[in-house]
Each structure stands twice: as structure tokens, then as C-alpha cells.
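1. need coordinates for the below:
(3 chains)
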Amino acid sequence: MADFSSTFSFENAIVSQFIFYATIVLLKMMLMSVWTSKNRISKEVYANEEDLKLSPDDKLKIKTTDKDVERIRRCHQNDIENIIPFVLIGCFYCMTGPSPFIAGLHFRLFAAIRIFHTIAYRFAIPQPARFIAFLGGWGITASMAVVVLGSATM
Amino acid sequence: MADFSSTFSFENAIVSQFIFYATIVLLKMMLMSVWTSKNRISKEVYANEEDLKLSPDDKLKIKTTDKDVERIRRCHQNDIENIIPFVLIGCFYCMTGPSPFIAGLHFRLFAAIRIFHTIAYRFAIPQPARFIAFLGGWGITASMAVVVLGSATM
Amino acid sequence: MADFSSTFSFENAIVSQFIFYATIVLLKMMLMSVWTSKNRISKEVYANEEDLKLSPDDKLKIKTTDKDVERIRRCHQNDIENIIPFVLIGCFYCMTGPSPFIAGLHFRLFAAIRIFHTIAYRFAIPQPARFIAFLGGWGITASMAVVVLGSATM
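-> I've put the predicted structure just below:
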């Protein structure tokens, strides 16, 4: 039987599990775009001249300082800064042949922490809740990166 | 003959086609950086003190509110928020063994829609043109994500 | 022996080397988040109401215009715009079966250039140092993209 432990393939059980959680966090990140759009339309907060026509109010002006929209945008940006490195480094990590238990722990914990991070951001849960969530997710990706560097060739 | 349908390899015809369109949209996204630079230099709109030296005008000041530069930057940010999830989820999708026809439709439509999105942004085409383009691209990535979640292991 | 030249696998020596440098630049990018946090805390520059509680000063207000924090954030954004396309297009490039020497040159030069870019940004080294670093990294990714488009199927 072919050995798929160092190959990025669904035949590799760790890759298959990784793909599940990576897709979950990417979908969560994609929901932020929809959430921003929903708030822009319901609150009539637009950043482009041509978008003002989406509203019946013809005296509406450009606004880039709405508190709710900017909060969602910061949360989205934090996702981009953390989830994309997780997915990229995670792909490499799966191929190093890690223990399935340790690997699953990394993937599940990261997904749970990032969902909590969004809730903490949205409801302005007192700090350091969100800060710890950010650090936790960051640490999981860094932990995988260290394993990857140990398996890769300089 | 080896079966490459669940492996990320050029031997897999769907992967090879995906890589073509993924690279096209990534290059399109990369052009936004060059476009921003070109506008910053031609309009002398700089965000860093040391960049002011790029201009012969020694009374030039930092400016972060130029309408054209900010519009290109918003378009670039929208690309980051949409094209990167497409490429990542698309990689996983190719490995689920989709129908080549359906897969090709996803890839080609996404590329066409995102190129139209940039044109709509640049020329401020009346809404909801750009909004529909955003939703269309988002929906294609979400459609692939649903297939991926059905094939991956929780 | 199986041929891994068109497969994304550690069995492919070029993939293994690529993964090393891709992880280095992703880690460098991730350090920008920590650097932003460190500056926000030490300079007490926060973008969210609930973050103000991280400081003992109860008269502290939201501030989104601190020069140092904004400079680090612009540098981080430039990384996102350049490093992520490098990693994605680089994955595809490894699988086209390039010459190991040429491939290694692309990976090492990109990593060196992006580290220099961060130093140039941080210490405000006179232009066009940072601009040339940006163009150099961009050109390396574009060069790989051209090879990829030649190997992929439309």
C-alpha cells in the first residue's frame, strides 16, 4: 500500500481532518464580509459614492467611522492575520507525519478559540478574554510551524 | 495506474485546471499593489515620512485620504477577503473528486466575476453591479466549501 | 520508484525546501501581530472601548492615529499582500518540476528580501530601499506565476 503520510491527500487521515477544521474557520472568516455588508446596508454606512444609491435617502454621505462597522472590520482583519497563516502552516504540518491525537488537538482547539475570539469581539467581553484568545490561536500556529521547520530542508 | 483523484498533484486534471485560474486571480490581486504604487507616485500621496523624498517637492506632507488611492486599496482589500479563501478552499475542493464540468464551471465563473468586480470598482459602475459580483464570488467559494465539508473527516 | 515531481509532498525535495522558506516568511508575518500588541500595550494605544481596561489610566481614550502602531500595521498589511501570494503560487510552482537551483534561488531571495523590507520599514531607511524590496519580492512571485501558467491547463 502506498504511504501518504508525507503527501497532501485525503488518503492521509490527518489531512482529511485538518481540511474539515480549516474550512470551518475559513467559512467563519467569510461570514465577516456578509456581516459587514449587512451592517452597511441596515445602518446606511457606505465607503463609496456609487453605494449611496443603495439607499432611498438622496442626502446620504460617505461615512467611514461607524463604530459597529469598524469593529466588525477589525475583527475580520484579525481573522485574516491569524486564520490564513493557520491554514497554510497547517497544510505543511499535516505532511510531517504528526501524532493523530496531537494534530487533532491543534486543529480543534484553534477552531474553538477563533470562534470564541469572534464572540468576544462582537460582544465586547471584558479584556483580557479576547487578548488571550488571540494569543492562544497564535501559539497553536507557531507550535505547528516549529514542527514544520524541523521536518523541512533548508 | 495510480489514482490521483484525492491528491494535490498536476497528475489530477482538475487540480491542473484549478491552478490555472487560481494563479490568474492571484496575479490580478497582485496587480492592485502595483496600481496603488503607481497612483501614490503619480499623485504624490504617501503614507510614510521617508516616502516624501520620492518627490522633488520638499513641502509635501503625509496624506492618507486621497480618493483614488483609497478606492484602489478598498478594492485590493476586497480581493484579499475573497480571493484567498477561494484559493485555499479550492485546493481542498479539487481533491474531493468533483465532476470536471462542475469544477471547471466554479473556477471559470469565479475568475470572470472577480475581474468584473475590479472593473465595477474602478469605474464606479452603478450599484448593485459590484454588490452582485461580490455575492457571486462569495457563493462560489461557499458552494465548494460545502462539498469539502461533506468529504472531510470531523 | 514513485515520481513525486508533480505532487505536493515532502518526498519532493523542492517542496520540502519551499516549505522551509514559506514557513519562515509566514512566521515573520505573524510576528507583526505580536509587535502591534506590544506597542499598543506599552504606548496605551487602543482601538476598542473594552481594551482601555488593560490600562490603569481610567481617563484613557480610543486612539487610532499613533504613528508607530500605524507604521507597524502598514508593514503587516504589506506582508499580507505579498507573502500570502508567494506561499500560494510557490506551492503550485514546486509541482511544475523546476530546476532545484533556480527554485532555491527564488525561495531564498524572497525570504531575504522580505526580511530586509521589514527592517527598511521599521527604521525608515531612505527610499527607494523599501520600494525596491517590495518590487523584488513581487517580481519573484510573478516569475513563479509565469512558470505555473505555462504548466497548468486552461
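2. any idea how far chain B is from the residue nearest to the spatial centre of chain A?
-> Chain A has residue A:83 as the residue nearest its centroid, 3.4 Å off, counting by C-alpha atoms, centre = their mean. According to C-beta to the nearest C-beta, to the nearest Å, residue A:83 and chain B sit 9 Å apart. For glycine as for every other residue, the C-beta is placed from the backbone atoms N, C-alpha and C.
3. quick one: name whatever helix or strand follows the strand or helix carrying that residue.
-> Element membership of residue A:83, judged by DSSP states H and E, is helix A:67-94. Where DSSP H and E defines the elements, the next helix or strand beyond helix A:67-94 is helix A:100-122.
4. where's the nearest residue to residue A:86 once chain neighbours are set aside, which helix or strand?
-> With sequence-adjacent residues excluded and distances taken as C-beta to C-beta, 6 or more residues apart in numbering or on different chains, residue A:86 is closest to residue A:141, at 4.7 Å. Using DSSP H and E, residue A:141 sits in helix A:129-151.
5. tell me the mean pLDDT for that helix?
-> Across helix A:129-151, the average pLDDT comes to 95.
6. for residue A:146, grab the count of nearby residues.
-> If you count neighbours by other C-beta atoms under 10 Å in any protein chain shown, residue A:146 ends up with 12.
7. and what of residue A:58?
-> Residues lying near residue A:58 (other C-beta under 10 Å) number 7.
8. can you check residue A:153 too?
-> Residue A:153: 13 neighbours (other C-beta under 10 Å).
9. if we can go back for a sec, which elements pack onto the helix holding residue A:141?
-> Where contact means 3 or more C-beta pairs under 8 Å, 6 or more residues apart in numbering or on different chains; DSSP states H and E, helix A:129-151 is packed against helix A:67-94, helix A:100-122, helix C:13-43.
10. and these, which is most packed in?
-> For the helices and strands packed on helix A:129-151, average neighbour numbers computed from mean count of other C-beta atoms under 10 Å in any protein chain shown are highest in helix A:67-94, which has a mean of 22.
11. run the angle between that one and helix A:13-43 for me.
-> Relative orientation of helix A:67-94 and helix A:13-43, computed by axes from the mean of the first three to the mean of the last three C-alpha atoms, to 10 degrees: 170 degrees.
12. distance from helix A:67-94 to the middle of the chain?
-> Distance, stretch centre to chain centre, for helix A:67-94: 4 Å (C-alpha atoms, centre = their mean, to the nearest Å).
13. ok, stretch A:52-68 next?
-> The answer for stretch A:52-68 is 28 Å, by C-alpha atoms, centre = their mean.
14. kindly report the same for stretch A:102-116.
-> 11 Å.
15. can you tell me what sits against stretch A:67-75?
-> A:32, A:35-36, A:39-40, A:43, A:45, A:64, A:117-118, A:121-122, C:47-48 (C-beta atoms under 8 Å, 6 or more residues apart in numbering or on different chains).
16. can you do 10 Å?
-> A:29, A:32-33, A:35-40, A:42-43, A:45-47, A:63-64, A:66, A:117-118, A:120-122, A:124, A:130, B:77, B:81, C:47-49, C:62, C:64 (C-beta atoms under 10 Å, 6 or more residues apart in numbering or on different chains).
17. residue contacts, the closest residue in space to residue A:51 that isn't next to it in sequence?
-> Nearest non-adjacent residue to residue A:51, counting by C-beta to C-beta, 6+ apart: residue B:127, 5.7 Å away. Residues counted as contacts of residue B:127 (C-beta under 10 Å, 6+ apart) are A:46, A:48, A:50, A:51, A:52, A:53, A:54, A:55, B:120.
18. cool, residue A:144 as well?
-> A:18, A:85-86, A:89-94, A:96, A:98, A:102-103, A:106-107, A:110, C:23.
19. run the last query once more with 7 Å
-> A:89, A:90, A:93, A:106 (C-beta atoms under 7 Å, 6 or more residues apart in numbering or on different chains).
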